[in-house]
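Colleague: from the sequence below, what's the structure:
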Amino acid sequence: MVRVVKLTSAIMSAPILYRAARATDAAAIAQGIIQAGDGFLEFALVNVLGQMSLAAWLMPHLSQPEGMFSYRSCDVAVVGDTVVGVVVSFPAERNEAPAEFLAMIPSDRLAALEDFFNAKVPESWYIDTLWVDATYRRRGIGKGLIAQVQARAHAAGRSTLSLMAWASKPGALAFYANQGFASVKPVPVGQHPATPHPEGFVLLQR
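Modeller: Residues are numbered from 1 along each chain as shown. Prediction:
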């Protein structure tokens, strides 16, 4: 499904194109995941990364047609040739990370994330990542990307969307409330000195 929305800003008068991601979008998707995650993957994968950047680790996975981080789980918003927004979504049960991914996480950090990996809204379609380039925010792109996710959910026979947002991000929580999401419950993060947001998450649905 492709939708085009005109921007009214004179600075960005080009249309916004919403489409399913392609393997060639891997670098842009990686940057979106990193910025939206705000330290989450760096915390979880500290032993795997070593001297490698998180983007360098993600890109080979994102360029594959299958797998936990495949581009096929992603939609993008594009202005010209530039990806300005990314959303990653899939059935909620897939947020139970596969054993090979969990094995990459140090045991003390995995314990801190136990509630995160167990929290879900059954039978929902889960938004794992939603990111919009700061230059293009407040122009409806986040809403447009959620519409792309809703279309995926409907195609899979699911009517409920769910996601987890950092509890310490009031701006993000307000945005999701404006899109019709309501809090299901807080999702705590176990105590760990390297936790990026010790306040934990909020599980949301609409």
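Colleague: alpha carbons only for contacts and neighbour counts from here, please
Modeller: Noted.
Colleague: what about the strands in the chain?
Modeller: Using DSSP state E, the strands of the chain run over 3-5, 16-20, 74-79, 82-91, 125-132, 161-166, 182-187, 201-205.
Colleague: got the contact list for the longest one?
Modeller: The one in question is strand 82-91. With C-alpha atoms under 8 Å, 6 or more residues apart in numbering as the test, strand 82-91 has contacts from 25, 28-29, 32-33, 73-78, 123-133, 136, 141-142, 145-146, 149.
Colleague: average pLDDT for the longest helix along the chain, rounded please.
Modeller: Ranked by number of residues, the top helix in the chain under DSSP state H is helix 141-155. Regarding helix 141-155, the rounded mean pLDDT is 97.
Colleague: ok, stretch 93-103 next?
Modeller: On average, stretch 93-103 scores 83.
Colleague: what's the span of it, first residue to last?
Modeller: 18 Å (C-alpha to C-alpha, to the nearest Å).
Colleague: what residues of that stretch count as buried?
Modeller: By 16 or more other C-alpha atoms under 10 Å, the buried positions in stretch 93-103 come out as 93, 95.
Colleague: and for that stretch, what are the contacting residues?
Modeller: Contacts to stretch 93-103, defined as C-alpha under 8 Å, 6+ apart, come from residues 68, 110, 117-118, 120, 122-123, 126.
Colleague: thinking again about what came up before, turn the strands of the chain into a markdown table, columns for mean neighbour count and distance to residue 104.
Modeller: Output for the strands of the chain, formatted as a markdown table (neighbours: other C-alpha atoms under 10 Å; distance: least, C-alpha to C-alpha, whole Å):
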| stretch | mean neighbour count | distance to residue 104 |
| --- | --- | --- |
| strand 3-5 | 13 | 38 |
| strand 16-20 | 21 | 29 |
| strand 74-79 | 24 | 23 |
| strand 82-91 | 23 | 21 |
| strand 125-132 | 24 | 19 |
| strand 161-166 | 24 | 22 |
| strand 182-187 | 18 | 22 |
| strand 201-205 | 22 | 22 |
